[in-house]
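Enquirer: no sequence on this one, just coordinates:
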């Protein structure tokens, strides 16, 4: 029996969506045939794919593109077929186009595929951002309206945390929406992110002095992400660290100059604790990576943090204000053995419930549901 072909599409390479696609392909290829494309290549591929030739709007767009060559006449069907045979870059049909980010649902190439009869499935990555769109079905408002139209043409959604899953379920119930969605939690590779042993940092060591490893004189918190307001770095984490005497290590890079996995692991290991203060994330991926490195997590109840954190065991769930973070930072700073124990528990939590290998079985359930497989 032929395996279903699935194209995994991420916004860019070397970033969160592409990383997830890599593990989906690694762990689910026993059942499905996966390809991966970053959005830039996907746009080029889709322009010459079979999908374009079964959608009237796309055909008209193709004609318009070559209008000067054909004056203003319609391209005869036989000429169109000839053009297709000569210019087709890629000739592969997919049973499903799986978008790693929900924002891609409004892209022109995805619209053409959906209107051409292709199956679209999308991950919801930051539910708080689009919650209002789902709740109010903003049919008359620009991007929101476009998103909902494409959403209703898709096969459904993959929701990466239980909080969003339950909220979406409630919204669907109130609005009588009949659109499938599945719980598909993210994971982390514990063989890539793990605790390391460090010698004490000294000025003569060949180590960047702005990132000293933990020792008796310092207590460090690490943060990975941008400083924009939705992440809480400027208004929550920095004040809390400053008032608690905690040194803050920050990695604000993006996909264009991202640190290697080895360097990210080193960064997590140079801190005692990881802090999340986000208002937008569905899964703060760096928090899972830091936990796999044996670091306790202090976080507000965003995304999957209420699922991961057992308060006082592997981290703390706190209110989103500097005082609450300061209190827990001081507790861990003043109780190093407890901090170490909680970090070990965080690692154990990852091993038990948050590896890619375990959690991608939820993806398998979702894909089976889409294809009506037993």
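Expert: Ah, there it is. None of the values given here were measured: they were computed from a predicted structure.

Enquirer: and residue 275, that one's in a strand?
Expert: Yes - assigned with DSSP: H, G, I helix; E, B strand; the rest coil, residue 275 falls within a strand.

Enquirer: can you give me the helices for the stretch 251-374 of the chain?
Expert: 261-269, 285-292, 305-308, 322-334, 336-353, 356-370 (DSSP state H, counting those that start in this stretch).

Enquirer: which one of those helices lies closest to residue 232?
Expert: Closest of the helices of the stretch 251-374 of the chain to residue 232 is helix 322-334, at 9.0 Å (criterion: Cβ to Cβ). In this view, the C-beta of every residue, glycine as well, is placed from N, C-alpha and C.

Enquirer: and residue 187, which of the helices of the stretch 251-374 of the chain is closest to it?
Expert: In terms of Cβ to Cβ, the element of the helices of the stretch 251-374 of the chain nearest to residue 187 is helix 356-370, at 3.6 Å.

Enquirer: Now do the buried residues in that closest one.
Expert: Neighbour counts using 16 or more other Cβ atoms under 10 Å place 356, 359-360, 362-364, 366-367, 370 of helix 356-370 among the buried residues.

Enquirer: Throw these into CSV and include distance to residue 315, thanks.
Expert: Listed next are the buried residues of helix 356-370 as CSV, based on distance: Cβ to Cβ, whole Å:
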residue, distance to residue 315
356, 21
359, 19
360, 24
362, 23
363, 26
364, 29
366, 28
367, 32
370, 35
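
Enquirer: can you redo the helices of the stretch 251-374 of the chain as CSV with mean pLDDT?
Expert: Compiled in CSV, these are given as follows (pLDDT from 0 to 100):
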stretch, mean pLDDT
helix 261-269, 92
helix 285-292, 96
helix 305-308, 97
helix 322-334, 96
helix 336-353, 93
helix 356-370, 96
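
Enquirer: Find the one among those with the highest mean neighbour count.
Expert: Highest mean neighbour count among these (mean count of other Cβ atoms under 10 Å): helix 285-292, with a mean of 26.

Enquirer: mind checking how far the residue nearest to residue 185 when sequence neighbours are not counted is from residue 258?
Expert: The shortest distance from residue 185 to any non-neighbouring residue, by Cβ to Cβ, 6 or more residues apart in numbering, is to residue 359 (4.8 Å). Going from residue 359 to residue 258 by Cβ to Cβ, to the nearest Å gives 23 Å.

Enquirer: Using the three-state scheme, assign residue 152.
Expert: Classification of residue 152 by three-state DSSP places it in helix.

Enquirer: Got phi/psi on the nearest residue to it once chain neighbours are set aside?
Expert: Counting by Cβ to Cβ, 6+ apart, residue 179 is the residue found nearest to residue 152 once chain neighbours are left out, at 6.4 Å. In terms of degrees, to the nearest 10, the main-chain angles of residue 179 are phi -130, psi 120.

Enquirer: so residue 179 makes contact with residue 151?
Expert: Yes - using Cβ atoms under 8 Å, residue 179 is in contact with residue 151, at 6.6 Å.

Enquirer: Specify which residue of those two has the higher count of neighbours.
Expert: Taking residue 179 and residue 151 together and counting by other Cβ atoms under 10 Å, residue 151 has the greater number of neighbours (24 against 15).

Enquirer: List the residues that contact the more buried one.
Expert: Residue 151 sits next to 105, 122, 157, 179 when contact means Cβ atoms under 8 Å, 6 or more residues apart in numbering.

Enquirer: Can you list which of the residues you listed are found in strands?
Expert: The strands, defined by DSSP state E, take in 122, 157 from the contacts of residue 151.

Enquirer: Dump the contacts of residue 151 to TSV, plus pLDDT and distance to residue 291.
Expert: Output for the contacts of residue 151, formatted as TSV (pLDDT from 0 to 100; distance: Cβ to Cβ, whole Å):
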residue	pLDDT	distance to residue 291
105	81	30
122	92	27
157	92	26
179	82	33
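
Enquirer: In PyMOL, select just the buried ones from the contacts of residue 151.
Expert: Filtering the contacts of residue 151 down to the buried ones (16+ other Cβ under 10 Å) takes a single PyMOL command:
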select buried, resi 105+122+157
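
Enquirer: Out of the contacts of residue 151, which is nearest to residue 129?
Expert: Among the contacts of residue 151, and counting by Cβ to Cβ, the member closest to residue 129 is residue 105, at 12.9 Å.
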